[in-house]
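Participant: Here's my sequence, what's the structure:
(chains A, B and C)
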Amino acid sequence: MSSLTKNTLAGLREILTRGDASSVEITQDYLAEISARRDLNTFITVTQDDALVSAKVADQIRAAGQASLTTGLPIAHKDLFCTKGILTSCGSKMLSNFISPYDAEVVSKCKNAGFVMLGKLNMDEFAMGSSNETSYFGPVKNPWSPTHVPGGSSGGSAAAVAARLTPLATATDTGGSIRQPAAFTGTSGLKPTYGRVSRFGMIAFASSLDQGGLIAQTAEDLAIGMQIISGHDNKDSTSALIEVPNYESLLNDSIRGLTIGLPEEFFDSRLDTRMQSQIEEVIRIFTSLGANTVSVSLTHVAEAIPAYYVIAPAEASSNLSRFDGVRFGYRAEKPIDLTDLYECSRGEGFGSEVKRRILIGTYALSEGYFDAYYKKAQQIRRLIKQDFDRAFSLCDLLLSPTTPSTAFALGEKSDDPVAMYLEDIYTIATNLAGLPGGSFQAGLIDGLPAGYQLTGPAFSEAKILNAAHKVQQVTDWHTHYPEEIRNV
Amino acid sequence: MSLSGADIQCVAKLARLRLTEAETTSTLSQLNSILTMIDSMQAVITEGVAPLAHPLELTQVLRIDEVTEENAREAYQMTAPAIKDGLYLVPRVVE
Amino acid sequence: MYESVIGLEVHVQLSTLSKIFSGSSTSFGASPNTQASLIDLGMPGVLPTPNAKVFEMAVKFGLAIEAKIGKTSVFDRKNYFYPDLPKGYQITQLDAPIVGLGHVNITLEDGTTKRINITRAHLEEDAGKSLHNSFDRLTGIDLNRAGTPLLEIVSEPELRSAKEAVAYLRVIHSIIRYLDISDGNMAEGSMRCDCNVSIRPQGSKILGTRTEIKNVNSFRFVEKAINSEINRQIDSIEDGQQIIQETRLYDPDKNETRPMRSKEEANDYRYFPDPDLLPVVLSDAFITSCRNSLPELPESRKARYMEAYGISQYDAGVLVADRDVADYFAEIAETSGDGKLSANWVMGNVLADLNQTGRSISEFPVEANDIASLIIRIKDKTLNSKTAKTVFEALLSGEGSVDSIIKERGLVQVTDTGALRSVVDTVIENNPHQVTNYRVAAPDKQGKMLGFFVGQVMKISQGKANPQMVNQILLDKLSG
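Facilitator: This is a model prediction of the structure:
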């Protein structure tokens, strides 16, 4: 690994500001690393030529004294953010030929901020998965252990950051798809409040749950990125008209007196003891920084998984109807009639997990079942939100493990969807309530990373990043990276 | 609630998904185990609880009525599987 | 005897500049797919943004039919696959429509009025168009129309004949034109009608199985389609067959309905609230401002015209149906000062011409002012009914003003008593037999015989003699 690519985003910003390296040099180093680590399968597309052109432009802007805080910094996008003129596959055969005619709002914002895009990152097909094994482009390997999954669905984003192939990656989180892979790969990931980041140009999985966010090495890097991608977008009706704070300037606020809630339901006997001791270590650090802890209850959190597995597939079944082989995407060969065109294009274009979820969603919305499934799930959703409201009347942030255990082995759960779904137990309720949540490094268990999760009230991203940053100031977990890389 | 192979075919038809025989069989047991998991929520008493459709209960902002789009047919149809004379082509539809 | 039970679903394209959920133009007739944006095409990742104007238009309609306005309305997805439906779902409103229960009054043939309840009216997006005839074994899809705003107006099944259905449809048409929320052009599809038809034995309270005739596109076809469907249902029942609930299409060439082959699969639309859109909450201030901007509506204008111009309910009903015609008539009546004569002229001549030529009042070549001048010249006895008709035709062919036509064609009515007396004398002199017969005839026969002499006088005067004066002079002379 080159000396440049081991830097954090904030570190690279300093290097550029000082003139120690140019954006072109930094970009070249990252492209070289990406090329050297093809084995991880983190990138679906590497936009080498475009990246070098953008880097050159960034250097010219800097030379002209017009650089912004982020001019010339590298970034890579999860392959469900539409990128004009570049393959946007969503990890699916269905879109394996889809050259997007437009840029997602998040992508435009990054471009306008001077970021240099390195490429598009691998992911579970249509963001449906917790292991990155459902990608049409093959699974992503966990840089900490090639026989383990990096988590999903933003597995490419997390693994690329962990392997130092990009300092910052966009990602999306519908039920834990940013936080779980961040935990599995020893990175920091933030899923913002629903409505904080525009969904325009993010290929939808479940519209009322999806939220774009970031994965990086540190909370500080997440703050730098969040400043760019946050804010209202009039192209997204569900994006919030709420002012964006200055995340970076709030990072160093004292957390003395901060009250951290520990949900009873997340610390019961089922929690792995080694995971528990890592989390207790995190709690000890928070306490040493002046924070208090309080036990709280999220009574309905157990029902979050069934409610989620109704709502998300129901919305997905409708969102994915547009993939019909007519205007874009995969089209079956020689259909005999219209029905055949639809059924074959969709039957052949979607992978089995996507088909499974479309079937569940279609069934849950079908006549006679709506009340028992969809309506019931939305009612439970309200109960869960009320649980969080009550909890946040007692504390500022909630702390829990991000995942029940560290990364599981490739293939371990791919035949058992329910076991896979249960992986999301700590993350999924946050999405149902639309709350912000971050996952941050909590050391290693048997050489594999563990993560802790902070969840806050709506629009408390600054507080989450502030708390995590304070911990990162006094720990070195976030500086660990896989042995394999260190030895190169 | 348990689904039969025929139920799956019926739902697949509604979703316009062609499933092979093998897919139907493997999907069947998986879907049934998922549905069993989902059914656990039936135990929760939700009487009188208003469904929550959006996490942030905000209201819709409306757009001013003005034409902001220009013709970009050529760019949008670059990615289309079958077009002619500006039209998207599909097998003959009978009304 | 059977009674028919009819309900209409009327789809009205709202005349906004841009689409309901995108900034694409809604103008008609553009080259295929040149008005289909990323959003209209349902590209991956795009999101809908609702147009404020459609809410204003829908609320105005709701107020016009005295309906309950849905202050919180929600958009739902109706899921089905069809090539003209790009996203695989239509954004519509199911449980919380913008307009709730309202009503309109229709006038029946016997002159009585009947109240028809309107269940609801909701906003939704239109689909694109499928073109079947351009390619061999293929259908072409044009998505220019996809996303055009529609207001779907659903009546209660309270219509009892095809004529009532048409009367209802005309009232709806009239209201949307008065409100200027749609051009209401059925030929271009800006107003389309689905007819739900069932029959039941007279006196029965149970509803029969209904069929739905889709997309009927003219007033005349609505009447014919419903009548042919009623007859088909009666024939089926009399033959001992069951009516099947199905969607049918009307074939104007054969004047019959036939089952639709597509879309007939038992559809399960899997409605659910569209998660890409939030509830639309309308303030009382907004609704009040809509109410304040409502124009005078056909019902109240009808009452006003009857009162102000002394015209019959029937005449007023005909004249106010089209707002532009009503304005045209009012200008004539005001300028000429004679409501009844104005009504006769507009209905008997102007509307007759519009019916015949198919043009609208805005395309009619004669200004209201000219018709008013014509009526003034009738009233001051310059013209009689015959010469007036000649002037009207000259106006139609653009021969100038009323007075210049009268002058150039020498049509001034003869009202000079001396001149008329001498013409009457000539007629009496030339027709001695008729004079003798008249004088010996019984008084009740004389009236009819007088017509012969009037006709002779008019012939000699080339139609210019004042008929009332001719009558009087003849009566005097013949009795002497």
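Participant: Output the contacting helices and strands for the lengthiest helix in chain C.
Facilitator: In chain C, taking DSSP state H as the definition, the longest helix is helix C:219-238. If contacts are counted by 3 or more C-beta pairs under 8 Å, 6 or more residues apart in numbering or on different chains; DSSP states H and E, helix C:219-238 sits against strand C:2-13, helix C:162-179, strand C:191-201, strand C:211-216, strand C:247-251, strand C:256-259. Just so you know, the C-beta spots here come from the backbone N, C-alpha and C atoms, and that holds for glycine as well.
Participant: a markdown table please, covering those and showing distance to chain A.
Facilitator: Shown next, in a markdown table, are those (distance: least, C-beta to the nearest C-beta, whole Å):
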| stretch | distance to chain A |
| --- | --- |
| strand C:2-13 | 20 |
| helix C:162-179 | 27 |
| strand C:191-201 | 20 |
| strand C:211-216 | 18 |
| strand C:247-251 | 17 |
| strand C:256-259 | 18 |
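Participant: and chain B, which of these is closest to it?
Facilitator: The minimum distance between chain B and these falls on strand C:247-251, with 6.8 Å, by C-beta to the nearest C-beta.
Participant: can you give me phi and psi for the nearest residue in space to residue C:270 that is not next to it in sequence?
Facilitator: Distance criterion C-beta to C-beta, 6 or more residues apart in numbering or on different chains; nearest residue to residue C:270, sequence neighbours excluded, is residue A:365 at 3.7 Å. Dihedral pair for residue A:365: phi -90, psi -10, per degrees, to the nearest 10.
Participant: how about the residues of chain B that lie near chain C?
Facilitator: Contact residues, chain B versus chain C (C-beta under 8 Å from any C-beta of the partner chain): B:14, B:16, B:53-54, B:58-60, B:62-69, B:71-73, B:76-77, B:84-95.
Participant: rewinding a little: want to try a markdown table for the helices and strands packed on helix C:219-238, with mean pLDDT as columns?
Facilitator: Formatted as a markdown table, the helices and strands packed on helix C:219-238 follow (pLDDT from 0 to 100):
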| stretch | mean pLDDT |
| --- | --- |
| strand C:2-13 | 97 |
| helix C:162-179 | 96 |
| strand C:191-201 | 96 |
| strand C:211-216 | 94 |
| strand C:247-251 | 94 |
| strand C:256-259 | 93 |
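Participant: Give the buried residues for stretch B:86-95.
Facilitator: B:86-91, B:93 (16 or more other C-beta atoms under 10 Å in any protein chain shown).
Participant: Tell me where the chain has strands.
Facilitator: You didn't say which chain, so I picked chain A. A:43-46, A:74-78, A:116-121, A:168-173, A:188-191, A:211-216, A:259-263, A:292-296, A:397-401, A:437-445, A:448-455 (DSSP state E).
Participant: looking at chain B here, not the other one
Facilitator: Here chain B has its strands, by DSSP E, at B:83-84, B:87-91.
Participant: Those residues of the stretch 201-350 of chain C touching chain A, which are they?
Facilitator: So the stretch 201-350 of chain C meets chain A at C:268, C:270-272, C:275-278 (C-beta under 8 Å from any C-beta).
Participant: Give me whichever of the strands of chain A is most buried.
Facilitator: Across these, averaging neighbours per residue (mean count of other C-beta atoms under 10 Å in any protein chain shown) puts strand A:188-191 on top, at a mean of 33.
Participant: For residue C:325, see how far away the most centrally placed residue in chain C is.
Facilitator: Taking C-alpha atoms, centre = their mean as the criterion, residue C:170 is the residue nearest the geometric centre of chain C, at 4.7 Å. Residue C:170 sits 13 Å away from residue C:325, going by C-beta to C-beta, to the nearest Å.
Participant: what about residue A:69, neighbour count?
Facilitator: Neighbour count of residue A:69, defined by other C-beta atoms under 10 Å in any protein chain shown: 14.
Participant: and which of the buried residues of stretch B:86-95 is nearest to chain C?
Facilitator: Distances from chain C to the buried residues of stretch B:86-95, taken as C-beta to the nearest C-beta, are shortest for residue B:87 (3.2 Å).
Participant: which residues touch that closest one?
Facilitator: Residues counted as contacts of residue B:87 (C-beta atoms under 8 Å, 6 or more residues apart in numbering or on different chains) are C:32-33, C:131, C:134, C:140-142.
Participant: try it again with 10 Å
Facilitator: By C-beta atoms under 10 Å, 6 or more residues apart in numbering or on different chains, the contact set of residue B:87 is B:77, B:80, C:32-33, C:128-131, C:134-135, C:138-143.
Participant: Thanks a lot, see you next time.
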